[in-house]
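Visitor: Sequence first, then the predicted structure, then my questions.
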Amino acid sequence: MNYPTLLCNTGLGDLYVLLGAMVYLAKKHGGLRIPALPQYIKIVRKCLIFHPEIVPFEILNDAAMLKEYRDRRDVIRCHWTSIADSQKSTKPGISWDHWQYRVLGVPFDERWNSCPLEKAASIETQIVFPGPYYLIHEDPERGFPILYPPWHPVITTRRVATYGKYSPLSWCEAIRQAKELHFIDSSMWHLAESITIHSDRPQPKYLHRYVRPFHSTWHAIETRYHWQYIDGTPTPYIDPENLTYVKERSIDTSEATEPCGAEAVG
């Protein structure tokens, strides 16, 4: 049977946000084909292990995919490049997560109601740390380090390993059990937003938003948990008024603490 093909952005964080819509659309159409980059095809299949009606297929990159499927009719398009040229300087006036669900015609509540990550993670080996710990996710190899990690004399700081034998789904329990979360805008942040984190104890959650370019509308996605934003950095960011890069901005460390060393795990 021929299922429609979803043309979407293929970053791992994009996948986590769109999974609920994918499940919804697959139910509507009887099945769905979705693109995946070579480095993510394995984790995409893990995320959808309970949804055989959704079939990932490997692509070289987004540009090659868009070129190959440019004139196809059996596609559903929600790639950011489909934003009209007249809108690209200002974005479409809503955050990118709401824009994608709106374009797809999927109720936004399906972002969480139909998300398969919780169940998929339940069959993965989970990483468990002893004692209290802060959990950090950053990406210094791509130039996105957290400049102000948490520090405490008796609480260990753990960093989510970028590479290793564990899949991202193996970090779900570590996310739930952390004393604090310190994340950048990344796939792990979207993963944390996609799973249930019980509120039987306080767990401060910090998004180090200064690390990556930020637009006040386009990047202000809807979250299910309360995140405290740490803004201000010497690194470039996007001015929300004119979308141009500015070389530096005043540093706000009111919610940050002293830096410290940390263990790499995984």
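Guide: It's in. Numbering: from 1, shown residues only.
Visitor: When you work out contacts or count neighbours from here on, use the C-alpha atoms and nothing else.
Guide: Will do.
Visitor: Give me the distance between the nearest residue in space to residue 198 that is not next to it in sequence and residue 43.
Guide: The shortest distance from residue 198 to any non-neighbouring residue, by Cα to Cα, 6 or more residues apart in numbering, is to residue 176 (7.3 Å). Between residue 176 and residue 43 the computed distance is 20 Å (Cα to Cα, to the nearest Å).
Visitor: neighbour-wise, which of those two wins?
Guide: Shown here are residue 176 and residue 43; by other Cα atoms under 10 Å, residue 176 has more neighbours (18 against 15).
Visitor: quick one: average confidence on the helix or strand that contains the more buried one?
Guide: For residue 176, the host element (DSSP states H and E) is helix 172-177. Per-residue pLDDT over helix 172-177 has a mean of 94.
Visitor: Who are the packing partners of it?
Guide: Here helix 172-177 touches helix 187-194, going by 3 or more Cα pairs under 8 Å, 6 or more residues apart in numbering; DSSP states H and E.
Visitor: Keeping just the C-alphas, turn the helix it packs on into PDB.
Guide: Taking C-alpha atoms only, helix 187-194 is exported to PDB below (Å, rounded to 0.1, in the frame of the first residue of the first chain):
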ATOM      1  CA  SER A 187      17.000  17.300  21.100                       C
ATOM      2  CA  MET A 188      17.400  16.300  24.800                       C
ATOM      3  CA  TRP A 189      15.300  19.300  25.800                       C
ATOM      4  CA  HIS A 190      12.600  18.200  23.500                       C
ATOM      5  CA  LEU A 191      13.000  14.600  24.800                       C
ATOM      6  CA  ALA A 192      12.500  15.800  28.400                       C
ATOM      7  CA  GLU A 193       9.400  17.700  27.200                       C
ATOM      8  CA  SER A 194       8.000  14.500  25.600                       C
END
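Visitor: Each with direction, which strands does the next helix or strand after it pair with?
Guide: Downstream of helix 187-194, the next assigned helix or strand under DSSP H and E is strand 205-208. Strand pairing for strand 205-208, using DSSP bridges, gives strand 180-183 (parallel), strand 228-230 (parallel).
Visitor: closest one to residue 138 among those?
Guide: In terms of Cα to Cα, the element of the strands paired with strand 205-208 nearest to residue 138 is strand 180-183, at 6.3 Å.
Visitor: Mark out where each domain of the chain begins and ends.
Guide: According to automatic domain parsing, the chain comprises the domains 5-118, 133-264.
Visitor: can you list those domains in JSON lines and add distance to residue 124?
Guide: Shown next, in JSON lines, are the domains of the chain (distance: least, Cα to Cα, whole Å):
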{"stretch": "domain 5-118", "distance to residue 124": "9"}
{"stretch": "domain 133-264", "distance to residue 124": "6"}
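Visitor: Flag whichever of those has the least confidence on average.
Guide: Lowest mean pLDDT within the domains of the chain: domain 133-264, a mean of 75.
Visitor: next helix or strand past the longest helix along the chain?
Guide: Counting residues, the longest helix in the chain under DSSP state H turns out to be helix 12-29. Per DSSP H and E, the first helix or strand lying C-terminal to helix 12-29 is strand 32-36.
Visitor: so where do the helices sit in the chain?
Guide: For the chain, applying DSSP H gives helices covering 12-29, 41-47, 62-68, 96-104, 110-113, 117-121, 172-177, 187-194.
Visitor: Show me what the fifth one is packed against.
Guide: Right, helix 110-113. Contact here means 3+ Cα pairs under 8 Å, 6+ apart; on that basis helix 110-113 packs against helix 12-29.
Visitor: starting at the chain centroid, how far to the helix it packs on?
Guide: Taking the mean of its C-alpha atoms, helix 12-29 sits 13 Å from the chain's own mean (Cα atoms, centre = their mean, to the nearest Å).
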